[in-house]
Structures are given as structure tokens and as C-alpha cells.
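Undergrad: what shape does this take:
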Amino acid sequence: MTEHHRSELTTAGMGRAPNRAMLRAVGFLDEDFSRPMIGVASLFSDITPCNAHLDRLARKGIEGIRSAGGVPQIFGAPTASDGIMMGHQGMRYSLVSREVIADSIEVVAGGMNHDGILAFGGCDKNMPGCVMAMARMNIPSIFVYGGSILPGIGPEGEDIDIVSIFEAVGRQQAGKLDAAGVHRVECESCPGAGSCGGMYTANTMSSAIEAMGLSLPYDASNPAVSAAKERESFQAGQALVRLIERNIRPRDIITRQSLENAYTLVLALGGSTNAILHLMAIAYEAEVPWTLEDFDRLGAKVPHLADLKPGGRFVMNDLHRVGGTPAVLKALLEAGFLHGDCITVTGKTLAENLKDIPSVYKRKQAVVHPLDTPMHPTGHIVILRGNLAPEGAVAKVAGLKQRQITGPARVFEGEEACFAAIEKRQIKPGDVVVIRGEGPVGGPGMREMLSVTAALVGQGLGESIGLITDGRFSGGTHGLVVGHVAPEAWVGGPIALVHEGDRVTIDAERKLLQLHVDDSELERRRQAWRKPAPRVARGVLAKYAHCVKSASLGAVTS
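TA: Residues are numbered from 1 along each chain as shown. Presented below is the predicted three-dimensional model:
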């Protein structure tokens, strides 16, 4: 290839002879210095099943790059397991890892002057972290999702997954399951490699990224352990070289229209509330204007269609069987919900990619409801406001019969205090649980609360209580739960002023989060409030707390 490459800053000219000498030591030949040099970011790790197979997929990507005339350079980026960090202080590192991943990829691709980035990720923060780096660097890039895990087989032959074992713990606490029963579910919940199987955060974000156009068709729904995923990884390497030739960059792909496409698919599939944080962060890095109002605007018109866990019956493997993500995108395109003219990493528009793909409605299936009989006529994620959340809060109401509650506040300073109360069966129907001090600054790190919510569901309280936090929720959470409350307690937000027994209303229909205390009393409490000392004084968590912005802005750092 003779056209100018960014990597020539590293390799071209007499002054770069020492650079070339080092690259020859890792396998470069004379002709390689005139080819595009591509960074392959592999988030392989045997810490978690989500990422345990990514080394194999990354090697397939490398083969694809070589076959198309590029020169691959593989490097690692850190990952941490949301599922394993859940329920203890380790979860403070989860959202932080999104920023660390983005920074790590920027450091390597920026330092090496790579001409493109091919990134392989599996666990929840891998997807947004990789795409944030791509948007920040704005060099031709493709993301490859490691794919979803297959379902496990439960004691009665039913499909089970990671949320099944979290809920089994709650059932054991309620006396509905013995320790041996918990052990059986524990041993079968995760049968191999791949990300958590329901429409939790990993599958939500991979679906959003595919709809946005930054991964190949079927990327989100091809199973982790499949020849299709390996073929796709090879083809992604080839496609990236073509992107470099055409100079199609992430900011050509990430636009207001493609972000609307991404969130439209999230709404249709019943995806995780974490999509709010991550899509805002991606928009921030791409310098695309995007606010909470944009999410609410789309939520008012896009129906919730897919009967997927945690609010429904099926998992991503079931969606794969009935045509996968492209089949759903085709149905949404035909119904007028998508911008078909958005360019994608194939070099074609979304509509061109879907041209020969049949709609999910062309086959007999029960995973995706018809447009005229949806799971719910509007979106399952709702932005709430009120005197408890002046900057906004996020509720997920998928599968709920009851979308409103007014009850007494049960106030807890942190997740552990709340979980201890749940273990003692101290939460009763009608309560509104308030967990505070878990925001981006206060946590620090904005922990997910799956252990809490799953235990409540396991005790049979999922539909009879409300839960409010300035932290966030796993994509596996369901129930009348409200997260991302902003401003957070640690910076003096109104959630810091709630007292035990105060009446609180969560109303998803009216988009309201209200504390029933008069303004004069709230002002008295505000004057008496004192800012707490930071929980962490040194290290990455302290740096994060110093730099992070509000959840209402995507918890980005600057």
C-alpha cells in the first residue's frame, strides 16, 4: 500500500531506523513498514468466563488483518469481572475499569501511532471502554464482542444463568431452598466461556454497538463458543483494513442518528440501565451532544418487544436461534424506528447491511413480540425527576405489573448495611429502600446492587417494594428500582437528606421521584448536613473520585 499511514510517524525515514530495528525483533519485514499497522486490543483474561476465550478470537482477527494486507500488533488491556466483584468492595472498581480500559487503549494506540484498532472484549465494561477509546482516538476501528454464554441446566431441566444463582441465595435466606439446592444451581449456572446470557449489560452494550455500526452484523448475537464467532473475528480483521483504505473513522459512524439507533435497539430488547451511562460516555468522547432528555424522548416512542431476561423468559442464545440482532434491526427498520442511512464498519449503511436479512417476524417465534402486542408500548427505561433527583434518575420497569409505590423510607448508608438487613428479613412489603453513599464520587465507583436486588427477588419482595440508590444496577436486576440518583449523597444531593420513615414516591408513569418533606424542613436538613471525608485517600479509586462527573453526565472523567 502506498497511501500515507499514521504509523509512518513511528516507522518512516532514517531517523526512525531504531524504531524499525525493534519492530524487526517482533517479526516485521521490510514490506511491513509500508502497510497499515493495526493495534489489536485483546481483553483476554481467565479471571472471568466472559473473557476466557478472547485470545483465540483475537488470533483469528490477526489472521484476518494479515490476509487483507495489514500488520497486526496485539496488546492486552485490563478487565475485571462485574459478576465476581458483585456484593463486596471489589465492585467499586467496576465502573472505574471502563475509564482504565479506554485510557490503556489510547496509551498504546496513541503511543504507537497505530493506523487502526481492532478490539476484543467480553465483560460489561469492555464494550464501552473500547468504544470510548475508539471515539477518542478517531482512527478506523472495529469492536468484536466475545459473545454470550450458553444457558446452564437447572435442577428441573430449566435454563439457568448467573442471575439464577444470585436469586437462589435470596431463596435460601427466605427458607425456600436448602444449601444443597443452592450448590446445584451454583455448579450449573455458568457452563463455559461467554458473557452472561440474558439482556444484561454485556449483551445490551454489544447490541447497542452493533446497531451504532461499530461492529459487524451478528456480532452481538453470535454465541461465544461457535464457528460463527471465529469467522466473524477473522472477517473483522479484514474489514478493518478496508476501513483504513477508505479512511472511515469512528466519528463518521458515531452520530446523533446512530446513537438513536443504538438506544432504540436497547429499548426494543429490554436492555440494561447501564446503557444510559455508557452511551452518554461514548457520545462525550465522540463530541456528540447527548443528554438524559434524548433517552427519554426515544423511550416515549419505542416499544419494549423482546421477552428476554431479566424481566422475561429468554436469553441471547434464544434470540440467536430466531435470526439474531440483525433480524430485530430489520424489523425496527421496516417499522420506521431506525435511521437506515447511517454508515457502518462494513463501509455500507445500516440499511444496506440489512437488505437481504429477513425480519424476525418472518419466522414463527416467541422471543420478540409483534409490534401491535409488545411487552410494553413504550420503553422500559424511564428517566425520573423530582425533589429527590433534580438532575435525574434512571428506573428500569421491564416486566413490572406495578410501576408506582409510595411508602416509608428504609435508609442505609451503603450496600453492606442494606444486605445485612435483608438477611435478617427486616425489609417488608411497601417499604422504599434507600441506599446512599454509592455514587461515582461517594462509592467511589458507583457500585451495582445485584446482590441486594436479587436477594429481595429471591425473598419474594421484587414486586412489593421500591429501591432507590445513587449507585447503579446490574443488567440482571429487575423490580421497581431506581438508580443513578443525581446529585449523589456524597456531594450533598437531596438523597443525603432522607430520614428513616420519610414518605417517598416512585412513579414511573409520571416519571416522578419525590420525597414528601416540605421545603423548609429540607432546607433545615441541608444546613445541618456535613460533607463526609473521602472513603479512599490513595490509588486509582481516589483519582477517580477526584475526576469523575455526575451520573447524569455519564460518570465520565476529565
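
Undergrad: please tell me how far Gly70 sits from Ile62.
TA: According to C-beta to C-beta, to the nearest Å, Gly70 stands 9 Å off from Ile62. C-beta coordinates here come from the backbone N, C-alpha and C atoms, glycine included.

Undergrad: which of those two has more neighbours?
TA: Gly70 (28 against 22; other C-beta atoms under 10 Å).

Undergrad: can you give me the helices for the stretch 101-250 of the chain?
TA: All helices of the stretch 101-250 of the chain, identified by DSSP state H, counting those that start in this stretch, fall at 126-137, 162-173, 179-188, 201-212, 227-246, 250-253.

Undergrad: export those to a markdown table and tack on mean neighbour count?
TA: Formatted as a markdown table, these follow (neighbours: other C-beta atoms under 10 Å):
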| stretch | mean neighbour count |
| --- | --- |
| helix 126-137 | 29 |
| helix 162-173 | 22 |
| helix 179-188 | 14 |
| helix 201-212 | 30 |
| helix 227-246 | 21 |
| helix 250-253 | 20 |
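
Undergrad: lowest-confidence stretch among those?
TA: Mean pLDDT is lowest for helix 162-173 among the helices of the stretch 101-250 of the chain, at a mean of 87.

Undergrad: angle of that helix against helix 179-188?
TA: Between the axes of helix 162-173 and helix 179-188, defined by axes from the mean of the first three to the mean of the last three C-alpha atoms, to 10 degrees, the angle is 170 degrees.

Undergrad: run the chain-centre distance for helix 162-173.
TA: The chain centroid and the centroid of helix 162-173 are separated by 22 Å under C-alpha atoms, centre = their mean, to the nearest Å.

Undergrad: now stretch 437-454
TA: The answer for stretch 437-454 is 15 Å, by C-alpha atoms, centre = their mean.

Undergrad: and what of stretch 357-371?
TA: Put simply, stretch 357-371 sits 25 Å off its chain's centre (C-alpha atoms, centre = their mean).

Undergrad: tell me the mean pLDDT over that stretch?
TA: 97.

Undergrad: CA atoms only for it, dumped as PDB, please.
TA: Provided in PDB are the C-alpha atoms of stretch 357-371 (Å, rounded to 0.1, in the frame of the first residue of the first chain):
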ATOM      1  CA  ILE A 357     -31.800 -10.300   6.100                       C
ATOM      2  CA  PRO A 358     -35.300 -11.300   6.900                       C
ATOM      3  CA  SER A 359     -37.200  -9.600   9.700                       C
ATOM      4  CA  VAL A 360     -37.500 -11.600  12.900                       C
ATOM      5  CA  TYR A 361     -41.300 -11.500  12.200                       C
ATOM      6  CA  LYS A 362     -40.700 -13.700   9.100                       C
ATOM      7  CA  ARG A 363     -40.400 -16.800  11.200                       C
ATOM      8  CA  LYS A 364     -42.500 -18.400  13.900                       C
ATOM      9  CA  GLN A 365     -41.000 -17.400  17.200                       C
ATOM     10  CA  ALA A 366     -41.900 -16.200  20.700                       C
ATOM     11  CA  VAL A 367     -38.800 -14.200  21.700                       C
ATOM     12  CA  VAL A 368     -39.700 -10.900  20.100                       C
ATOM     13  CA  HIS A 369     -43.400  -9.800  20.500                       C
ATOM     14  CA  PRO A 370     -45.300  -8.300  17.500                       C
ATOM     15  CA  LEU A 371     -45.300  -4.600  17.200                       C
END
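
Undergrad: got the buried residues for that stretch?
TA: Of the residues in stretch 357-371, 357, 359-361, 365, 367-369, 371 count as buried by neighbour count, 16 or more other C-beta atoms under 10 Å.

Undergrad: do a quick rundown of the helices in the stretch 351-500 of the chain.
TA: Assigned by DSSP H, counting those that start in this stretch, the helices in the stretch 351-500 of the chain fall at 415-423, 450-458.

Undergrad: could you dump those into JSON lines with distance to Val394 and mean pLDDT added?
TA: Formatted as JSON lines, the helices of the stretch 351-500 of the chain follow (distance: least, C-beta to C-beta, whole Å; pLDDT from 0 to 100):
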{"stretch": "helix 415-423", "distance to Val394": "18", "mean pLDDT": "93"}
{"stretch": "helix 450-458", "distance to Val394": "14", "mean pLDDT": "84"}
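
Undergrad: nearest to Ser104, of the ones you listed?
TA: The closest of those to Ser104 is helix 450-458. By C-beta to C-beta, the value is 25.9 Å.

Undergrad: buried ones in that closest one?
TA: Across helix 450-458, burial judged by 16+ other C-beta under 10 Å covers 450-458.

Undergrad: that older thread, shared neighbours, Gly70 and Ile62?
TA: Residues touching both Gly70 and Ile62 (C-beta atoms under 8 Å, 6 or more residues apart in numbering) are Gly237.
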